[in-house]
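> Need a 3D model of the sequence below.
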Amino acid sequence: MSFPRLKSNGTYMIVCLDLDAPYPSCRILGPKCLWIQSGLEPIVSESGHFFLRVAAPFIANYVGPNPLPGSSPHRILFILYEQPAG
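Presented below is the predicted three-dimensional model:
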């Protein structure tokens, strides 16, 4: 993923959720957390976009989407937060 606007001296956290787990028609058990990664530091590319470099251990290790057999497609949401200092 790349981002057009980030603070070059900021630190970021990403949260990834499966909004439709376990089935889109049965949302009582969802959403399901697929990944939480803090300590992401921006690196600027030649094109001016930012890429994020991992500078800290994960909080919740990445677990890819795994819809149950017969399930319709799932919506996956990535949320990028700026971490406060400290």
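
> Please count neighbours and contacts with C-alpha atoms only from this point.
OK.

> ok, the closest residue to residue 26 other than its chain neighbours to residue 61 distance?
Leaving aside its sequence neighbours, residue 26 sits nearest to residue 20 (CA to CA, 6 or more residues apart in numbering; 7.7 Å). Separation of residue 20 from residue 61 (CA to CA, to the nearest Å): 19 Å.

> Those two - which one has more neighbours?
Applying other CA atoms under 10 Å to residue 20 and residue 61 shows that residue 20 carries more neighbours, namely 22 against 12.

> Pull out the CA atoms of the worst-scoring helix or strand of the chain on mean pLDDT and give them to me as PDB.
Scoring the helices and strands of the chain by mean pLDDT, DSSP states H and E places strand 50-54 at the bottom, with a mean of 90. The C-alpha coordinates for strand 50-54 follow below in PDB (Å, rounded to 0.1, in the frame of the first residue of the first chain):
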ATOM      1  CA  PHE A  50       4.800   7.200   1.200                       C
ATOM      2  CA  PHE A  51       5.300   3.500   2.000                       C
ATOM      3  CA  LEU A  52       5.200   2.200   5.600                       C
ATOM      4  CA  ARG A  53       8.100   0.300   7.100                       C
ATOM      5  CA  VAL A  54       7.500  -2.000  10.100                       C
END
